[in-house]
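Colleague: with the input below, show me the fold.
(chains A and B)
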2 protein chains.
Amino acid sequence: MGYNAAPLERLIEQFAKLPGIGRKGATRLAYQVLSMDREEAMEFAHAIEDAHTKIHRCKVCQNFTEQEICPICSSASRDHSVICVVENPRDVTAFERTREFRGVYHVLHGLISPMDGIGAEQLCIKELLLRIRNGGVNEIIMATNPTVEGEATAMYIAKLVKPLGVKATRLAYGLPVGSNLEYADEVTLGRSLANRGEL
Amino acid sequence: MGYNAAPLERLIEQFAKLPGIGRKGATRLAYQVLSMDREEAMEFAHAIEDAHTKIHRCKVCQNFTEQEICPICSSASRDHSVICVVENPRDVTAFERTREFRGVYHVLHGLISPMDGIGAEQLCIKELLLRIRNGGVNEIIMATNPTVEGEATAMYIAKLVKPLGVKATRLAYGLPVGSNLEYADEVTLGRSLANRGEL
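Modeller: Numbering: from 1, shown residues only, chains lettered A, B, ... in the order given. As a prediction, this is how the structure comes out:
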C-alpha cells in the first residue's frame, strides 16, 4: 500500500474480493483496466451494473434469468415432473451442456455447511418444497457435489421430500470417463466397484 | 453460449478480456458478481469508472497518478538526476518496495516488439528525451525486463540518450537471492559468473 493512487487502490480491493484472485492478481487486473480505452472501461463498469439490474432469480427454479420465469421453467418441451436440484447456476449450465437432461432444475444457492455458518434455512429449500406441494413432481434428482457438504444437503432434502410421495435419487458415483484407474482415489474406485453395472 | 442470459453473457465477455482469465474463470467471476449484494456490485462498477476518471498519466514520468504531476516527480527529497526507465507502472511499485532507489522514474508503457506490431513511436520515449533535453539528468537506468523485447528496448533507448551526454546503465543479471544454483538456467548462471564481484 501507499505506492498506488487511492482510486487504483480501491479498484484493486474490488478485484481482490473475487474468488481465486489474490492481491497480486488483483493489481494486474486493475492496471489492465486502467490501460483500457476509456470507452472499454465504461463498458466493463456498465456490464456489471447491467447484469445486476436486469438479472434476478427465476420465481420457480431460482436460477438467474432476465425474465420473471426462466426459459427452462416456461418451456413446454421440458419434463416438469423431474427436478434436478443443484447448488448453483453454474451447475445448471454444466447439465445443459450434456444435452442429456430434459427435466427442470432447482437452484439451492449454496449447500448446508455448519463450518461456514450456512444452515438449511439460508438455502432455497422452502421454494423447492412449495413446488413439490403444488403437485406434478415425480422425482427429485439430488445433483449436489460429491463432497461432505453436498452429501449432507442431499440427505437432508431427500428426508424432507420422501414423505411428500416423491422419489429422491442421487447422481451416480464412479470413475470419470477418460480417466486412468491407476490415478483414481480409493473412495471413488470403491464406489465404482460397489455400483458396477451389468454389460 | 445460449444457456446464459444476455447481460450475464456480456459480463462474462468483459471478464474474459482481462489477461490470464479464460472463459471458465470469467464465468465464475461473473456469477460471483451476480451473487454479491446490489450495493457491493455497484461499488465494483463505480471503482472501475472512478479509477478511469480520476487516474491519468503524470505529465513528467507517465506513471499513473491522481495529480497532474505524481508524488515521486514532485518530491524534493528524490534525486531528479537519475531516471529509472521501466516498462509499466507495476514496475515502479516493485522498485518502490525495495526502498533502495531514491531517484525518479520514467514509464514507457510497453516494450518494442515487432512481433506484436509495437514500434518505438508507440512508447513514451519522446517524453523521456524531452526530460533529458530539459537538463539536470546524469544517468538513465534501463530497468526493462531481461527478455528479448526488454533488451532490445534498453539498447534502443541507450543509443538515443548517449549522444545527449547522459550515462545509460542496465540492471545487473545474476542469481535471484534465495534461489538454488542447481535450478538456475544456464544463461543466468553464465551471466552471474561473468559479472561476479569481489568479496
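Colleague: identify the residues contacting the spatially closest residue to A:Arg102 that is not a sequence neighbour.
Modeller: Nearest residue to A:Arg102, sequence neighbours excluded (CB to CB, 6 or more residues apart in numbering or on different chains): A:Asp79, at 5.1 Å. Quick note: C-beta positions are derived from backbone N, CA and C, even for glycine. Taking CB atoms under 8 Å, 6 or more residues apart in numbering or on different chains as the criterion, A:Asp79 is in contact with A:102-104.
Colleague: now rank the residues you listed by neighbours and give me the top one.
Modeller: The most crowded member of the contacts of A:Asp79, judged by other CB atoms under 10 Å in any protein chain shown, is A:Val104 (23 neighbours).
Colleague: got a list of contacts for the host helix or strand of it?
Modeller: Taking DSSP states H and E as the criterion, A:Val104 maps to strand A:103-107. Contacts to strand A:103-107, defined as CB under 8 Å, 6+ apart, come from residues A:57, A:60-63, A:72-73, A:78-89, A:91-92, A:95, A:124, A:127-128, A:131, A:139, A:141.
Colleague: quick one: which of those sit in strands?
Modeller: If you go by DSSP state E, these have A:57, A:79-86, A:139, A:141 in strands.
Colleague: need the max-distance pair from those residues.
Modeller: Farthest-apart pair in the ones in strands among the contacts of strand A:103-107 is A:Arg57 and A:Glu139; separation 23.0 Å (CB to CB).
Colleague: the longest helix along chain A: how far from the chain's middle?
Modeller: When chain A is parsed with DSSP state H, its longest helix is helix A:38-54. Here helix A:38-54 is found 23 Å from its chain centre; the criterion is CA atoms, centre = their mean, to the nearest Å.
Colleague: may I have the phi/psi pair for A:Leu123?
Modeller: Phi and psi for A:Leu123, reported as degrees, to the nearest 10, are phi -90, psi 170.
Colleague: could you check how many residues crowd around it?
Modeller: 23.
Colleague: repeat that for A:Asn195.
Modeller: Neighbours around A:Asn195, by other CB under 10 Å: 10.
Colleague: do you know the pLDDT at it?
Modeller: Each residue has a pLDDT score; the one for A:Asn195 is 79.
Colleague: that one against A:Leu175, yeah?
Modeller: No: taking contacts as CB atoms under 8 Å, A:Asn195 lies outside contact range of A:Leu175: 10.4 Å.
Colleague: so what's the residue positioned nearest the centre of chain A up against?
Modeller: Most central in chain A under CA atoms, centre = their mean is A:Asn88, positioned 1.6 Å from the mean C-alpha point. Taking CB under 8 Å, 6+ apart, we find A:Asn88 in contact with A:107-110, B:31.
Colleague: residues touching the residue nearest to A:Leu171 when sequence neighbours are not counted, list them.
Modeller: Leaving aside its sequence neighbours, A:Leu171 sits nearest to A:Ala143 (CB to CB, 6+ apart; 5.3 Å). Taking CB under 8 Å, 6+ apart as the criterion, A:Ala143 is in contact with A:84-86, A:91, A:95, A:171.
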